[in-house]
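> sharing a sequence plus its predicted fold:
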Amino acid sequence: MSDNLEYKITCHFCFEEFEINIETQEDFTGHNTEIYDCVVCCNPNKLSYEIYNGEISCLTVSDGNE
C-alpha cells in the first residue's frame, strides 16, 4: 500500500513556499532523491529524504541543476 504525503517546501532559488506530494510505500525504508520544479519560478529543486516505516524522517532541499 502506498501513501501520498503532502509537504510544504521552500524553493532553493526564489525562497517561495509551495506544496509537493511524496508517494511512500509502507514497507520501504531508505534514501530517495527526486526533482520538483518550483511552481513560482520553475527552477528545479532537488529533494533528498530518508524514509523509515512509511514516514519521512529527514528532508533537504538543494539546487536541482547539479
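Structure received.
> could you use CA atoms for every contact and neighbour count after this?
Will do.
> which regions of the protein lie under the pLDDT threshold?
1-2 (pLDDT under 70).
> show me where it has strands.
Along the chain, counting by DSSP state E, strands occupy 2-10, 17-25, 30-37, 44-52, 55-63.
> chain center to stretch 6-19: distance?
10 Å (Cα atoms, centre = their mean, to the nearest Å).
> quick check: end-to-end length of it?
Length of stretch 6-19, first residue to last, Cα to Cα, to the nearest Å: 7 Å.
> which non-adjacent residue is nearest the residue positioned nearest the centre of the chain?
Closest to where the C-alpha atoms of the chain average out (Cα atoms, centre = their mean) is residue 47, at 4.3 Å. Spatial nearest neighbour of residue 47, chain neighbours left out: residue 61 (4.8 Å); criterion: Cα to Cα, 6 or more residues apart in numbering.
> related to what we said a few turns ago, winner for burial among the strands of the chain?
strand 44-52 (a mean of 18; mean count of other Cα atoms under 10 Å).
> angle of that one against strand 55-63?
Angle, strand 44-52 to strand 55-63, by axes from the mean of the first three to the mean of the last three Cα atoms, to 10 degrees: 160 degrees.
> does anything pack onto strand 44-52? Which helices or strands?
Other elements packing on strand 44-52 under the criterion 3 or more Cα pairs under 8 Å, 6 or more residues apart in numbering; DSSP states H and E are strand 30-37, strand 55-63.
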